[in-house]
Structure formats: C-alpha cells, structure tokens
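Colleague: A structural model of the following input is requested.
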Amino acid sequence: MIAAKLIEEVATKLFREAATTLPEDVIKKLEEARRKEINPIARAHLESMIKSTEIAKMKSIPLCQDTGIPYFFIKKGLGIKIEGNLEMAISNAVIKVTKELPLRENVIHPLTKVNSGTNTGWGIPHIHYEVEHSSDFIEIIAVPRGFGSEAKSSLVWITTSQDIPEAITRCVLDQVVAAGGDPCPPTIIGVGVGGFADTALTLAKKALFRDPIGSHNPDPLVMELEDRIFKAVNSTGIGPMGTGGETTTLAVHVEISGSHTAVVPVGITFQCWAARYSKAIIYRNGEVRYLTHPKLGEE
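Modeller: Predicted structure coming up:
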C-alpha cells in the first residue's frame, strides 16, 4: 500500500524540478549541438539556451515564462493499492508548486476564460494512466507542458496504399516547415503511428519523454524511421529558434500501435528545447527513486 500523502510529496518535488531544471541528458544534447553548429547565430542561440538552464537551476526559477499546464503520466503496477486519493494528491502538488515557486497561472475555463488561479480545475492536471501487470511500483512523470510547442501538434491519416515510412517522413517535414520557429527549436519530435486518432497523439506525447533523449525504439523498422526523419528535419536549415542552422531537432522518437488495414493515423507533436519533465518511481515499500533528477533523493 502506497500512501497518497507520499505521492503528493514526490509529485511536488517532480513538478517543481521539472519547471526549473532540465535533465542532464537534455543539457548534454544541447551542448553537443553547440559544438557541432557552424552557423554563428545558431550557436549563439544554443549558448543562450544553455546559459538559461544554468541560471534557472541556480536561482530555482522557471526555465520559461510559459510554465505550461500540468500533465502527468502515471504507470501503476496491477497489485499496487493507494491509501487515499491519488488525483487529489497530484492536484495538491500542482497547487503548492504554483503558489510557492511560483508558476504563471495558466489554466482557464475553455469557454468563460475564468482563471482558477491554481493551475488546476476542469480536468487539469491531466493524468494519463497505464497499468503494468508485473511491476511493484508507481512511476510518475511530471510535465509542465508549454503551449508554444503543443499548439503545433497535428494528426494526419495515411492510406495503406502508400509507402508508409515515406509518407510519415513527408508529413513530419511538412509540419516542421509549417511550424518554423514557433515551437522553439531545436525540438524533440514525438511521432505516434497507428491505433486510433486519440491514441496516435497520446503515443506521440509519450514519445517526447523517452529517456535518455535520442534513444531508439527497439523495433529495427521504427529505429530506421526515427533516423530517417531526424536526418530529413535537420536538413531543412530551420535551426535554433528558426533563424537558420544545422540543428532543428535534438531527437525524433517514434512509438507504434496496431492499426487498421485501410488507414494509419499519425500523431505529430513537439517539445521545445526546454524539455521539462521529471520522473520517479515509488516502490510498494515506500522507497522512492528519482530517475531524471537523482539529487532530489538527497533532500
């Protein structure tokens, strides 16, 4: 049995850290891009991004003025029981971080534009649940999801009469070119292939937070597609912040699901260079392991 109070404490740490401190693998990708970049303007942008991460971490302040709206991925072992209300625990964590950090109050009623003032309400924080039959833990990923990149998400349908990998690559390129500098490149690109309309986009969003950044899908065909899209996107010359350069994307992550014989849905979404997320595992015995920000476990 895992207490909801413990989940609230862990979620509070995760959400605060996600807003202020990039995972080390993301920072290394930015540094790698800076070393390789030959365009002086692009290199200056990358240097500014890296400097911003250092300042935000040192001062414990948000990395971006758009502190997003809260999105949580929860993976729960089938036999794990929660003592208390998990949804309330996550909501309490968001309210606390919003007030104490503070975060910009972004969550509104979609029709009246009334602001809750807490970054909660009307189904927010959004929690995506998965059940894992064999695990004895809860995995939590906290994401302050900014909308500069979210707003460039798209869903396309590819008929199976086409060369599907080629069609997917073309669709992603079309979306990248249309988005330009709006999603604050260099981005991480998440692509969800198959399933239904909603599951394709959910797969794409999950793919954004695969770690370490740039790691491949284990399926060789999917791995080949990731490399193909990655090379194509970085050949566009859009570059950091859309002002030109070698690095338009830091990584392309693709996830797949079984699909209909006639048509394949493809969800495409972006994560800006500030890939803000934090992940932890809570075991059945109450032990907590912080994965993306291990120093949280020393507090």
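Colleague: so Ala56, which of the three states?
Modeller: Using DSSP: H, G, I helix; E, B strand; the rest coil, the structure places Ala56 in helix.
Colleague: the closest residue to it other than its chain neighbours: neighbouring residues, count only.
Modeller: On the basis of Cβ to Cβ, 6 or more residues apart in numbering, the spatially nearest residue to Ala56 that is not a chain neighbour turns out to be Leu63, at 4.5 Å. Where you see a C-beta, it was placed from the backbone N, CA and C, and this is true even at glycine. By other Cβ atoms under 10 Å, 24 other residues sit near Leu63.
Colleague: can you give me the helices in the stretch 51-200 of the chain?
Modeller: Using DSSP state H, counting those that start in this stretch, the helices of the stretch 51-200 of the chain run over 86-100, 147-150, 164-179, 197-208.
Colleague: among those, which is nearest Thr236?
Modeller: helix 164-179 (6.3 Å; Cβ to Cβ).
Colleague: which other residues reach that closest one?
Modeller: The set of residues that contact helix 164-179 without belonging to it, under Cβ atoms under 8 Å, 6 or more residues apart in numbering, is 152, 154, 156, 158, 189, 191, 193, 221, 224-225, 228-229, 232-233, 236, 238, 248-249, 252, 264, 266, 268, 270.
Colleague: picking up where we left off before, and of the helices of the stretch 51-200 of the chain, who's closest to Pro294?
Modeller: helix 86-100 (19.4 Å).
Colleague: so which elements touch that closest one?
Modeller: Helices and strands touching helix 86-100, as assessed by 3 or more Cβ pairs under 8 Å, 6 or more residues apart in numbering; DSSP states H and E, comprise helix 4-20, strand 69-77, strand 126-132.
Colleague: go again using 6 Å as the cut-off
Modeller: Secondary-structure packing of helix 86-100 (3 or more Cβ pairs under 6 Å, 6 or more residues apart in numbering; DSSP states H and E): helix 4-20.
Colleague: flag every buried residue along the helix it packs on.
Modeller: Neighbour-count burial for helix 4-20, counted by 16 or more other Cβ atoms under 10 Å, picks out 4, 6-20.
Colleague: and the contacts of it?
Modeller: Counting by Cβ atoms under 6 Å, 6 or more residues apart in numbering, the neighbours of helix 4-20 from elsewhere in the structure are 56, 60, 62, 67, 82, 84-86, 89-90, 92-93, 96-97, 142, 144, 276-278, 280, 282, 288, 293, 296.
Colleague: same check, this time on stretch 198-205
Modeller: When contacts are defined by Cβ under 6 Å, 6+ apart, stretch 198-205 is touched by residues 155, 190-192, 255, 257, 265, 267, 269.
Colleague: how about those in a markdown table, adding pLDDT, neighbour count and distance to Asn119?
Modeller: Below are the contacts of stretch 198-205 laid out as a markdown table (pLDDT from 0 to 100; neighbours: other Cβ atoms under 10 Å; distance: Cβ to Cβ, whole Å):
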| residue | pLDDT | neighbour count | distance to Asn119 |
| --- | --- | --- | --- |
| Leu155 | 98 | 16 | 26 |
| Gly190 | 98 | 27 | 23 |
| Val191 | 98 | 28 | 28 |
| Gly192 | 98 | 26 | 26 |
| Glu255 | 98 | 24 | 27 |
| Ser257 | 98 | 15 | 31 |
| Pro265 | 98 | 22 | 30 |
| Gly267 | 98 | 26 | 25 |
| Thr269 | 98 | 28 | 21 |
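Colleague: restricted to strands, list the residues you listed.
Modeller: Residues of these located in strands (DSSP state E): 155, 190-192, 255, 265, 267, 269.
Colleague: out of those, the closest to Gly180 would be?
Modeller: Within those, proximity to Gly180 (Cβ to Cβ) peaks at Thr269, which comes in at 15.8 Å.
Colleague: identify the residues contacting that closest one.
Modeller: For Thr269, the residues meeting the contact criterion (Cβ under 6 Å, 6+ apart) are 153, 190, 204-205.
Colleague: what about it, distance to Val263?
Modeller: Using Cβ to Cβ, to the nearest Å, one obtains 20 Å as the distance from Thr269 to Val263.
Colleague: not counting sequence-adjacent ones, nearest residue to Val222?
Modeller: Spatial nearest neighbour of Val222, excluding adjacent residues (Cβ to Cβ, 6+ apart): Val254 at 5.2 Å.
Colleague: quick one: which of the contacts of Thr269 has the most company?
Modeller: The member of those surrounded by the most neighbours (other Cβ under 10 Å) is Gly190, with 27 neighbours in all.
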